[in-house]
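[1] prediction below, plus the sequence it came from.
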Amino acid sequence: MSVSRKPGEAEILRVEGELEAAMLTSDVAILERLLSPKLIFTNHLGQRLFKDDDLEAHRSRALRINYMIRSEQDLLLLDGAAVVSVRTKIGGTYAGASADGVFRFTRVWALGVDGAHWQVVAAHSTLVV
């Protein structure tokens, strides 16, 4: 049974930091915990991806992120959820090709079914030109 409560700003910033660190090191175990089983992610190419797709990109090392520099972060705290919008400069590769760029990410965090852990349930990325 899910518990509804309003998250604190420090709590969401902490899980955002954990997510970023896990992405940088392709730590699939941490990503497994932070991504909802029902995750829907729309990437900057308009492709709809799911949790297994994201985990496989890290597991196979097809996605390699060398650095992430955040700026322009906004946080909206709601009862039982939080929305984060952040501009991020990323350097890395995908399938051996350069994947450098500036992206705007929007993530929706909600409590998992255990009511104790925050998980990303939806995300969207856009290339900033």
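    Everything's here; your move.

[2] by average pLDDT, which secondary structure element in the protein comes out worst?
    strand 97-98 (a mean of 90; mean pLDDT, DSSP states H and E).

[3] what stretches of the protein score poorly on pLDDT?
    1-4 (pLDDT under 70).

[4] CA atoms only: put the longest strand anywhere in the chain into PDB for me.
    Secondary structure assigned by DSSP state E gives strand 63-78 as the longest strand of the chain. Provided in PDB are the C-alpha atoms of strand 63-78 (Å, rounded to 0.1, in the frame of the first residue of the first chain):
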ATOM      1  CA  LEU A  63      26.000   4.400 -22.500                       C
ATOM      2  CA  ARG A  64      29.000   5.900 -20.900                       C
ATOM      3  CA  ILE A  65      28.700   9.200 -19.200                       C
ATOM      4  CA  ASN A  66      32.000  11.000 -18.400                       C
ATOM      5  CA  TYR A  67      30.600  14.100 -16.800                       C
ATOM      6  CA  MET A  68      27.400  15.900 -15.900                       C
ATOM      7  CA  ILE A  69      27.300  19.600 -15.000                       C
ATOM      8  CA  ARG A  70      23.900  20.700 -13.600                       C
ATOM      9  CA  SER A  71      22.400  24.200 -13.800                       C
ATOM     10  CA  GLU A  72      19.000  25.900 -13.700                       C
ATOM     11  CA  GLN A  73      17.400  23.400 -11.400                       C
ATOM     12  CA  ASP A  74      13.800  23.800 -10.400                       C
ATOM     13  CA  LEU A  75      12.000  21.700  -7.800                       C
ATOM     14  CA  LEU A  76       8.200  21.300  -7.300                       C
ATOM     15  CA  LEU A  77       7.100  19.500  -4.200                       C
ATOM     16  CA  LEU A  78       3.700  17.900  -4.200                       C
END
